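[1] this is a predicted model, with the sequence first.
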Amino acid sequence: MEKYGRDVKRTPAVPDGHRRCPDCGETKPLDEFPRNRSGRGGYGRYCKPCHNEKGKESKLRLHGGFREYHLRRRYGIGEKEFQELLAEQGGVCAICGGEDPQHLDHDHRTGWVRGILCFNCNGGLGQFRDSPERLARAITYLRGTTWQRVLIHPGVFQMCSPTRGRPPSQRS
């Protein structure tokens, strides 16, 4: 069809409750489109598979990869700065010294990066909600409940704890 001296494509009629994806050209039900409050009609323009593909492509094009995108968006540093910080730590976890740490630790109040940790150390800090007081109480608890072998007579030992009166069960 020609209108005002230009060729204009006619878009096929779309039934109610459906939308046409301009990328793949298919007409699909609305539940196959991502929700978007700012979009016209409350749904995204592209169907979910096309939307995901466009997101992947833009992360690769603009940031060089998913890791770079994640680090920049979440912590404000890139892969280069991550590798520099890891080199400063000697390539090991800042807490336990374990090999190949991959988790960037940050202060949840300020957002500042503190170091690179292994999975377990990062999770442990998270479980204690980054609270030095909670960690200190945990250390006190561990020191006070650790069972130790005490020599009673030559060759005879007894298990005792500084704060607990019962020895560990025979099953454990």
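    Arrived safely.
[2] how about the longest helix seen in the chain as PDB, C-alpha atoms only?
    If you go by DSSP state H, the chain has its longest helix at helix 48-63. Taking C-alpha atoms only, helix 48-63 is exported to PDB below (Å, rounded to 0.1, in the frame of the first residue of the first chain):
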ATOM      1  CA  LYS A  48      10.100 -13.600  26.100                       C
ATOM      2  CA  PRO A  49      12.600 -15.600  24.000                       C
ATOM      3  CA  CYS A  50      13.300 -12.600  21.800                       C
ATOM      4  CA  HIS A  51      13.500 -10.300  24.800                       C
ATOM      5  CA  ASN A  52      16.000 -12.700  26.400                       C
ATOM      6  CA  GLU A  53      18.100 -12.900  23.300                       C
ATOM      7  CA  LYS A  54      18.200  -9.100  22.900                       C
ATOM      8  CA  GLY A  55      19.300  -8.800  26.500                       C
ATOM      9  CA  LYS A  56      22.100 -11.300  26.000                       C
ATOM     10  CA  GLU A  57      23.200  -9.600  22.800                       C
ATOM     11  CA  SER A  58      23.400  -6.200  24.400                       C
ATOM     12  CA  LYS A  59      25.300  -7.400  27.500                       C
ATOM     13  CA  LEU A  60      27.900  -9.000  25.100                       C
ATOM     14  CA  ARG A  61      28.000  -5.900  22.900                       C
ATOM     15  CA  LEU A  62      28.100  -3.200  25.600                       C
ATOM     16  CA  HIS A  63      30.100  -5.000  28.300                       C
END
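[3] tell me which residues in that helix are buried?
    50-51, 59, 63 (16 or more other CB atoms under 10 Å). Just so you know, the C-beta spots here come from the backbone N, C-alpha and C atoms, and that holds for glycine as well.
[4] reformat the residues you listed as JSON lines; add pLDDT.
    Below are those laid out as JSON lines (pLDDT from 0 to 100):
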{"residue": "Cys50", "pLDDT": "97"}
{"residue": "His51", "pLDDT": "97"}
{"residue": "Lys59", "pLDDT": "91"}
{"residue": "His63", "pLDDT": "89"}
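[5] which one of these is nearest to Pro34?
    The nearest member of the buried residues of helix 48-63 to Pro34, counting by CB to CB, is His51 at 5.4 Å.
[6] and that closest one, what does it touch?
    33-34, 44 (CB atoms under 8 Å, 6 or more residues apart in numbering).
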